[in-house]
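In: sequence isn't available, so here's the structure alone:
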């Protein structure tokens, strides 16, 4: 998942990206007691992926970079007040929780909720299990179904309508009439 703690996009990319373009995830920020804060590759092969960005996200990042220019072409989009990457704990305490409180979002809601919201939007607008699985970086579509199956619409009415339409498309002459021998 991309969050303020793990996004670094080359400013050059944002200057040349089309109105709606892809974002490739190639690295992340980790924070451990033993090693502190460091940049590393994503944790799995599936975590390396390209996600199409909606126009509104590209426009918002471009506007953000106009107001807060990146420190060179490899600079961070979001930086800590002292520069460098945003550390997760500082992000949560300094930005996320205050923003949630101001917006009336229930206490305890974390950034992972954005991932679920994204998945539910894709499902609501008709994306396939395969597409949702790929966008989320799930191991396979079964994992996506295990988590989100309740969000896909029931297809009972669609299957009934499909059969009705298939037979309604046949000419009325081919159908035996009531009282006639078949």
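Out: Thanks, I have the structure now. For clarity, every value in this text was computed on a predicted model and none was experimentally measured. Numbers count the residues shown, from 1 in each chain.

In: for the residue positioned nearest the centre of the chain, give me its contacts.
Out: Centroid check for the chain by Cα atoms, centre = their mean gives residue 118 as the closest residue, at 4.4 Å. By Cβ atoms under 8 Å, 6 or more residues apart in numbering, the residues touching residue 118 are 135-136. To be clear about C-beta, it is placed using only N, CA and C from the backbone, and glycine gets the same treatment.

In: confidence score at it?
Out: On pLDDT, residue 118 comes in at 94.

In: can you list the buried residues in the strand or helix carrying it?
Out: Using DSSP states H and E, residue 118 sits in helix 112-124. Neighbour counts over helix 112-124 (16 or more other Cβ atoms under 10 Å) mark 115, 119, 122-123 as buried.

In: show the subsequent helix or strand relative to it.
Out: helix 129-136.

In: can you give me how far that following helix is from the chain middle?
Out: 9 Å (Cα atoms, centre = their mean, to the nearest Å).

In: I'd like to check the angle between that helix and helix 112-124, please.
Out: Following axes from the mean of the first three to the mean of the last three Cα atoms, to 10 degrees, one obtains 150 degrees for the angle between helix 129-136 and helix 112-124.

In: and helix 129-136, what's its mean pLDDT?
Out: Here the average pLDDT along helix 129-136 is 93.

In: what about the strands in this protein?
Out: Using DSSP state E, the strands of the chain run over 22-25, 28-32, 36-40, 49-52.

In: turn those into JSON lines, including mean neighbour count and mean pLDDT.
Out: Conversion of these to JSON lines gives the following (neighbours: other Cβ atoms under 10 Å; pLDDT from 0 to 100):
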{"stretch": "strand 22-25", "mean neighbour count": "15", "mean pLDDT": "74"}
{"stretch": "strand 28-32", "mean neighbour count": "16", "mean pLDDT": "82"}
{"stretch": "strand 36-40", "mean neighbour count": "12", "mean pLDDT": "82"}
{"stretch": "strand 49-52", "mean neighbour count": "14", "mean pLDDT": "79"}
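
In: out of the ones you listed, flag the one nearest residue 88.
Out: strand 28-32 (5.8 Å; Cβ to Cβ).

In: what pairs with the closest one, parallel or antiparallel?
Out: Next to strand 28-32 in the sheet, as set by DSSP bridges, lie strand 36-40 (antiparallel).

In: rewinding a little: do you know how far the residue nearest to the centre of the chain is from residue 139?
Out: For residue 118, the distance to residue 139 (Cβ to Cβ, to the nearest Å) stands at 18 Å.

In: residue 130: which of the strands of the chain is closest?
Out: strand 49-52 (13.4 Å).
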